[in-house]
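>>> below is the sequence, then the predicted model.
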Amino acid sequence: MLKRGFTLIELLIVIFIVGILFSVSLPTLKRLCDSLALNYTAQAIAGEIRTLQVKAYAQHQRLSLDIYRLLPSNIFMAQAHLICFSDSGFPVPGGSGTLILRNQLGQTKSIIVSSLGRVRIE
């Protein structure tokens, strides 16, 4: 007679091995999540800057961006700069520059707004 299935000992050993693998991979998973959060935040802020530029041109008024309201709790501004666009859609003098975001692991992303209004992420 052939019995199918697993014994309790076999199941406990598999659960133990999976637990060890998970605990070993947890720091790597945390770094990955922090890195993805930094990338997402940089993309979101760059998108907000581009939207602000279009609004300034469409509404024919000078607009500036409050960057701090866009930051999640685990992302910090390492270097801030006032981003401000004129009614023509170009940055006002002094309204362009570099924003540097930093996460808890020390990884950084730069959002650069050129004097012509181009936005890029490095």
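Good, I have the coordinates. What you see is a predicted model; the values in this text were computed from it and never measured.
>>> all strands of the protein, in order?
Secondary structure of the chain (DSSP state E): strands located at 63-64, 75-79, 84-85, 97-103, 108-113, 119-121.
>>> tell me the most buried of these?
strand 84-85 (a mean of 22; mean count of other Cβ atoms under 10 Å). Quick note: C-beta positions are derived from backbone N, CA and C, even for glycine.
>>> how far away from the center of its chain is it?
Per Cα atoms, centre = their mean, to the nearest Å, the displacement of strand 84-85 from the mean C-alpha position of its chain is 22 Å.
>>> can you list the strands that the helix-or-strand element of the chain with minimal mean pLDDT pairs with?
Taking all helices and strands of the chain together, the one with the lowest average confidence (mean pLDDT, DSSP states H and E) is strand 75-79, at a mean of 89. When pairs are called by DSSP bridges, strand 75-79 turns out to pair with strand 97-103 (antiparallel).
>>> strand 108-113 and the strand it pairs with, what's the angle between them?
With axes from the mean of the first three to the mean of the last three Cα atoms, to 10 degrees applied, the angle from strand 97-103 to strand 108-113 works out at 160 degrees.
>>> give me the contacts around strand 97-103.
Judged by Cβ atoms under 8 Å, 6 or more residues apart in numbering, the contacts made with strand 97-103 from elsewhere in the structure are 34-35, 37-38, 41-42, 45, 67, 71, 74-83, 108-113.
>>> let's see it at 10 Å
31, 33-39, 41-42, 45-46, 49, 65, 67, 71-72, 74-83, 91, 107-115, 121-122 (Cβ atoms under 10 Å, 6 or more residues apart in numbering).
>>> quick one: contacts for Ala56?
Contacts here follow Cβ under 10 Å, 6+ apart; on that basis Ala56 touches 62-64, 84-92, 117.
>>> try 8 Å this time
With contacts defined as Cβ under 8 Å, 6+ apart, Ala56 is in contact with 62-63, 85-87, 89.
>>> perfect, I'm done here.
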